[in-house]
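**Student:** kindly return the folded structure for what I paste below:
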Amino acid sequence: DNGYVVALKSHDPRISLVERVPPDILESFSAIWMSVPHPAADILANRYNLPLNFSFVDFKTYNDKYAQKKVLGDLTPEWKTVSSKLDIRSYRGKKSIWFLKQRYGSGGWQVLDLAHTKESDIDRAFLRSDDWFVEQKIQGNVYSIQCLRLPRENKTIIFGFVRQLIEDGTHFVGGRILPLAEVENLVQEQLQQIINRLDELLKDYEGFYGIDFIVTDAKKLYVLEANVRMTAMT
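**Tutor:** Reported below is the predicted structural model:
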């Protein structure tokens, strides 16, 4: 009973899926539902006066790591915003390990280990943007949960649990799917607390999201980030 629309491949990988859909098809649409937002979808929805579940503007708000860390409070590692190379000087000589992270980064590809990163790489980072923060390294195992948020039913469903595979200490390269039953009671209680705090930021958001976190040997949980979209593990 479903109707399918074919979006042909483009020679340019930067052209979004939305821009490859024949626009006249949308004349029979009643709404657009995006699992991963894109600015082109916002433009299309506005042009055809169609309701859009998840705008790119909201996407930026929900995935703002500064905003996430403020609502998470003590449930995330120690962190501080930085905007220049001078700001991070004191974090390079400390005994504890600190990472330089991008405000809107994802998957570890905008993460620099300050103990081993070259000066030239740090210079390039601040040339690209001044939206960075430092975050203290926490020792432990890295996991993620996959969630479906249903605000009209006032609930969030956890349907996936993954042990993340991390390369070079920073880059996400995949995961091992685990049974939900392996989420121990103590960790489960902490995850519930995290979801409740994120509700303050997500407001009316409906859809998928993932939470990346570290569990220490003492079973203390620290959130690294929430990816408010359909994730790779979803």
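
**Student:** quick one: contacts for the closest residue in space to residue 231 that isn't next to it in sequence?
**Tutor:** In space, and not counting its chain neighbours, residue 231 is closest to residue 210: 3.9 Å by CB to CB, 6 or more residues apart in numbering. Where C-beta positions appear, they are placed from N, C-alpha and C, glycine not excepted. Contact analysis of residue 210 by CB atoms under 8 Å, 6 or more residues apart in numbering lists 144-147, 226-227, 231, 233-234.

**Student:** please spell out which residues along the longest helix seen in the chain are buried.
**Tutor:** Longest helix of the chain, by residue count under DSSP state H: helix 185-202. Residues of helix 185-202 classed as buried by neighbour count (16 or more other CB atoms under 10 Å): 187, 190-191, 194-195, 197-198, 201-202.

**Student:** please name every helix or strand in contact with it.
**Tutor:** With contacts taken as 3 or more CB pairs under 8 Å, 6 or more residues apart in numbering; DSSP states H and E, helix 185-202 sits against helix 56-62, helix 65-72, strand 141-150, strand 155-167, strand 207-215, strand 221-227.

**Student:** now the angle from that helix to strand 155-167?
**Tutor:** 110 degrees (axes from the mean of the first three to the mean of the last three CA atoms, to 10 degrees).

**Student:** and stretch 103-110, how far apart are its ends?
**Tutor:** 9 Å (CA to CA, to the nearest Å).

**Student:** thought residue 221 was touching residue 211?
**Tutor:** No. Taking contacts as CB atoms under 8 Å, residue 221 lies outside contact range of residue 211: 9.8 Å.

**Student:** so who does the residue lying closest to residue 142 once chain neighbours are set aside touch?
**Tutor:** Take residue 142 and drop its neighbours on the chain: the residue closest to it by CB to CB, 6+ apart is residue 164, 4.3 Å away. Residues in contact with residue 164 (CB under 8 Å, 6+ apart) are 142-144, 172, 174-175, 212.
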